[in-house]
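need a structure here:
(3 chains)
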Amino acid sequence: MSYEYIRYPVPLGADSIITFTTDFGLRDPYVAEMKGVILSGAPMVKLIDITHSIPPGDILACALTLERAVSCYPPGTIHLVVVDPGVGSERRPIAVISNSQIFVGPDNGFATLAINESDYKAYLIENVRAPSGRVSHTFHGRDIFAPACVHLARGGRLSDLGEEIEDIVKIDVRKPEVSVDEVKGEVIYVDHFGNLITNIREGDIKGLDRGRWLVRVGRKWIKGIRRYYSEVEEGDIIALIGSSGRLEIAVRGKNAEQVLGISPGNSVVVCRL
Amino acid sequence: MSYEYIRYPVPLGADSIITFTTDFGLRDPYVAEMKGVILSGAPMVKLIDITHSIPPGDILACALTLERAVSCYPPGTIHLVVVDPGVGSERRPIAVISNSQIFVGPDNGFATLAINESDYKAYLIENVRAPSGRVSHTFHGRDIFAPACVHLARGGRLSDLGEEIEDIVKIDVRKPEVSVDEVKGEVIYVDHFGNLITNIREGDIKGLDRGRWLVRVGRKWIKGIRRYYSEVEEGDIIALIGSSGRLEIAVRGKNAEQVLGISPGNSVVVCRL
Amino acid sequence: MSYEYIRYPVPLGADSIITFTTDFGLRDPYVAEMKGVILSGAPMVKLIDITHSIPPGDILACALTLERAVSCYPPGTIHLVVVDPGVGSERRPIAVISNSQIFVGPDNGFATLAINESDYKAYLIENVRAPSGRVSHTFHGRDIFAPACVHLARGGRLSDLGEEIEDIVKIDVRKPEVSVDEVKGEVIYVDHFGNLITNIREGDIKGLDRGRWLVRVGRKWIKGIRRYYSEVEEGDIIALIGSSGRLEIAVRGKNAEQVLGISPGNSVVVCRL
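From the prediction side, this is the model:
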């Protein structure tokens, strides 16, 4: 029995979950077209939207979104991802399996943070048929990726999609500089509430003693790393370890991005008091 | 058999509906994380979004949204609600049953308008396990409320979640002043179309004779209370009883909030001609 | 057996798909109210959102959206459509079957581009009961159209809804002027990415030889019709046949509507080099 099956605690069968992550927005029928193709071929799947509001073409935002979301999903879940500025060009359509979940989308690095870097298998998608019989050069989501998901949700093998490949594109996510008494990182994502999420993980701040650190963001110094928002007063700045295990900067009850004028790329430094 | 079961015309079983109402927006993976946790534990539930666009921390808007929506759902529905500015602090996580529907969320009054004020039972949520084994202090939606929904959707008892409590937080929704020939209320919600929804209910306008009333909003006087938008010309102001049974002010084919410069808190008076 | 059944390759049964297309936005509980009504009566249906972001009252945008989406859905799908500026007035609620799919909504032309113009059957919706027992004059989506969908999803007959009618409202979608060496059309839709979609179809450009045509939009001339975005440099204008088979104008990696200052109604001309 091939490797691509044996790690499945649950079979990839009729009741698979397929998630959607795109930069398509919610105004146009594009997402619904992909869902229609999938339901036409695999009527019993559960369809879940992760988000359709990735900034157009922003593969890093997509990778960060998937990093968070996929850990909550059960083995066998298929993640359809279409943030695809290179659609129609020579960039390859791929399916990747890692941690018993499958990622289907363009080979542009979107899954970099969601897969196990040293334990995955990847396949080209070569053998699917567009529902209309003709592949659009601008909408592989509907004509290549959705049909590939149908194949997988019906229990089809990854290796039937196409040739196994060794190399897939990975994106470079800058890591913080960690020294004995200082961690230099940056803001990498701003969420709906305006909270500033950094590339500094809890583990980067060695021997963390929350009261004894200073966090600098822009020109502001924040004393201590807290646990939850209401530890400070309305309108005060706070640094805490967020729900993804990363250092976050927030302003209680307000939008930190707007209040502080900080955005992705701005540096964040944690140092000893 | 305990009280918490006997009112169920349908069993709270594998095919439960779980609805979502949050202020998380649609950009981040937060909603999808909660859905993943739920589907991992209760794969057969139906997941329905009520809205994720409650203004951040606006518990009144949340309560008004739920008031409308829940009456359309069948007995046994579980409503997961995360508008939670006090997350991580001493505010309590609770589950409330009323009218054979269950509400799961923070004890901040979100369900005030959706439950039967004098007939509900409430429980603390103390005995759930976060999927990662560790509860984030900033995301109880994923780590406490979603696991509680899994427990309930699998047929678990409310009383297994934690201690029954008598007192839950309720919010104060200002009621209109009703006299023999005048009702003084205010705008409490503005919808997507810009329609101004008031706290005046149809029943507040005693002996309603639609042609014989005047409605004042801002500096405008509107003659009569109509039934539907096309009773007036494009661009005209109209007062009518909306689909929730409340008095609404609209401008036909236009956005009344923008045209009239009226927003929540502005007074609305109905008086005899 | 009546005509309204015999074209169904799959029965309209408990596992029907019901799609939603509205101008309700995602902020208010209106969509969730309709879904609650449907799940209360037909718990096994699959609910799919096409979009809720049709510009308020824009029936052309709605028709264009449906034209694209419905071709991806299987026979038996029910499309609930509520873009309904005339709600409550004398405009009629209807159900239309064409190409083995059903459209439920107001008789205002929304389905013009989605049905087969010369092969459909249409029925008034007269015999449904609002869940509350009383039909709101401003929310037929919840009180008339959703109950009609429940009836159909449970296998009910179209003819039980009401009288068959011959004439339904159709909207007039301007067609391009096609001559031997020139096609004059216009922009009819702008998508989330800012791509300008025209009323010129691939078939309108006879004997298409991609390199040998000039496309004029505003004051810009574009040489040739391409296949995919990355055929040109970042920031360059490109004309191509989009995934719906229509001529589209885009700016690679940018928002063409903003960059070019072009919007629906602006003319687009294709002529020989």
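
For the rest of this, base every contact and every neighbour count on C-alpha atoms.
Noted.

For the residue of the stretch 151-273 of chain A found nearest chain C, which residues are in contact?
Closest to chain C within the stretch 151-273 of chain A is A:H192: 14.7 Å, counting by C-alpha to the nearest C-alpha. Under the criterion of C-alpha atoms under 8 Å, 6 or more residues apart in numbering or on different chains, the neighbours of A:H192 are B:F24, B:G25, B:R27, B:D28.

And for A:V150?
Shown in contact with A:V150 (C-alpha under 8 Å, 6+ apart): A:I38, A:G41, A:A42.

Let's see that with 10 Å instead.
Contacts for A:V150 were tallied using C-alpha atoms under 10 Å, 6 or more residues apart in numbering or on different chains; they are A:14, A:18, A:37-43, A:45, A:78, A:128, A:156.

One more: A:H79?
If a contact means C-alpha under 10 Å, 6+ apart, then A:H79 has A:17-21, A:47-50, A:66, A:70, A:73, A:95-96, A:101-105, A:111, A:149 as its contacts.

Next, the buried residues of stretch A:247-262.
Residues of stretch A:247-262 classed as buried: A:247-257, A:260, A:262 (neighbour count, 16 or more other C-alpha atoms under 10 Å in any protein chain shown).

Would you reformat the residues you listed as TSV and include secondary structure and pLDDT?
Compiled in TSV, the buried residues of stretch A:247-262 are given as follows (DSSP: H, G, I helix; E, B strand; the rest coil; pLDDT from 0 to 100):
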residue	secondary structure	pLDDT
A:L247	strand	96
A:E248	strand	96
A:I249	strand	97
A:A250	strand	96
A:V251	strand	96
A:R252	coil	94
A:G253	coil	92
A:K254	strand	94
A:N255	coil	95
A:A256	helix	96
A:E257	helix	96
A:L260	helix	96
A:I262	coil	94
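
Around chain B, which positions in the stretch 151-273 of chain A sit nearby?
A:189-193, A:226-231, A:240-245, A:252-255 (C-alpha under 10 Å from any C-alpha of the partner chain).

buried subset of the residues you listed?
Buried by 16+ other C-alpha under 10 Å: A:189-193, A:226-230, A:240-245, A:252-255, out of these.

Not counting sequence-adjacent ones, nearest residue to A:G185?
Excluding the flanking residues, the one nearest A:G185 by C-alpha to C-alpha, 6 or more residues apart in numbering or on different chains is A:P176, at 4.3 Å.

hang on, isn't the one you found packed against A:V183?
Yes: A:P176 lies in contact with A:V183 (C-alpha atoms under 10 Å); the separation is 6.6 Å.

circling back: how about the residue of the stretch 151-273 of chain A closest to chain C, secondary structure?
coil (DSSP: H, G, I helix; E, B strand; the rest coil).

do A:V259 as well
helix.

so who does A:N255 touch?
Taking C-alpha under 10 Å, 6+ apart, one finds A:V190, A:D191, A:H192, A:F193, A:G194, A:N195, A:L196, A:G235, A:G261, B:P56 in contact with A:N255.

Let's have those residues in JSON lines, adding pLDDT.
Output for those, formatted as JSON lines (pLDDT from 0 to 100):
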{"residue": "A:V190", "pLDDT": "95"}
{"residue": "A:D191", "pLDDT": "95"}
{"residue": "A:H192", "pLDDT": "95"}
{"residue": "A:F193", "pLDDT": "94"}
{"residue": "A:G194", "pLDDT": "96"}
{"residue": "A:N195", "pLDDT": "96"}
{"residue": "A:L196", "pLDDT": "97"}
{"residue": "A:G235", "pLDDT": "95"}
{"residue": "A:G261", "pLDDT": "96"}
{"residue": "B:P56", "pLDDT": "93"}
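
Tell me the one among those nearest to C:Y120.
Nearest to C:Y120 among the contacts of A:N255: A:H192, at 45.2 Å, using C-alpha to C-alpha.

So for A:P131, what's the nearest residue that isn't a sequence neighbour?
Distances taken as C-alpha to C-alpha, 6+ apart put A:D143 closest to A:P131, at 6.7 Å, once the chain neighbours are dropped.

low pLDDT regions in the stretch 1-150 of chain A?
Within the stretch 1-150 of chain A, the segments meeting pLDDT under 70 span A:1-14.

mind listing the strands in it by residue range?
Assigned by DSSP state E, counting those that start in this stretch, the strands in the stretch 1-150 of chain A fall at A:17-22, A:46-51, A:78-82, A:93-98, A:101-106, A:121-124.

Sheet-wise, list the partners of the first one with their directions.
Think strand A:17-22. Strand pairing for strand A:17-22, determined by DSSP bridges: strand A:46-51 (parallel), strand A:78-82 (parallel).

and among these, the most buried is which?
strand A:78-82 (a mean of 27; mean count of other C-alpha atoms under 10 Å in any protein chain shown).
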